[in-house]
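Q: Provide a 3D model corresponding to the input given below.
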Amino acid sequence: QLQLVESGGGLVQSGESLRLSCVVSGGTLAYYAIGWFRQAPGKEREGVSYISTDEERVRYADSVKGRFTISRDNGRRTVYLQMNDLKPEDTAVYYCAAPKSVPLLSQSLKSEFYDYWGQGTQVTVSS
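A: Sure, this is the predicted structure:
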């Protein structure tokens, strides 16, 4: 059973940066595409970013384009989400997830196509 563990969240001020990590165990990270999602209180979970197994395909939600960067290090079994110029509206619990089957790029930010989820890490951005 694939397991994902997120870390790197915290409390920062508007304009600051954080780097989230997602460590994968119980399987070979190189075989899995990974998505990052977030859920703010009272809101639905939304897709933030996606990276394919070969890093050739990445995708970002419009709300984070130009500020967030996804990357992966299969040797370290880790996927990263570098978040710059954070805004109060980025406040949420952030989750990484992996699908059993590779989704179409058009599906890659939709949570229903993912099967394995981490427990989440809280990101809070103060104004």
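Q: so where does the most centrally placed residue in the chain fall, helix or strand?
A: Central residue of the chain (CA atoms, centre = their mean): Trp36, 2.0 Å from the mean position. Using DSSP states H and E, Trp36 sits within strand 34-39.
Q: For that strand, give me every contacting residue.
A: With contacts defined as CB atoms under 8 Å, 6 or more residues apart in numbering, strand 34-39 is touched by 20, 22, 24, 45-51, 70, 72, 79, 81, 90, 92-99, 108-109, 111, 114, 120, 123. All C-beta atoms are positioned from the backbone trio N, CA, C, and that covers glycine.
Q: try stretch 114-127
A: 1-14, 16, 18, 20, 22, 35, 37-39, 83, 86-100, 103.
Q: Could I have the buried ones of those residues as PyMOL selection syntax?
A: With 16 or more other CB atoms under 10 Å as the burial test, the buried ones among these are selected in PyMOL as follows:
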select buried, resi 2+4+6+8+9+12+18+20+22+35+37+38+83+86+90+91+92+93+94+95+96+97+98+99+103
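Q: Let me know the distance separating the residue nearest to the centre of the chain from Glu6.
A: 9 Å (CB to CB, to the nearest Å).
Q: what touches both of those two?
A: Shared contacts of Trp36 and Glu6, counting by CB under 8 Å, 6+ apart, come down to Leu20, Cys22, Tyr94, Tyr95, Cys96.
Q: sorry, back to before: give me the subset of the contacts of strand 34-39 that lies in strands.
A: 20, 22, 24, 46-51, 70, 72, 79, 81, 92-98, 123 (DSSP state E).
Q: Start and end of stretch 42-55, how far apart?
A: 33 Å (CA to CA, to the nearest Å).
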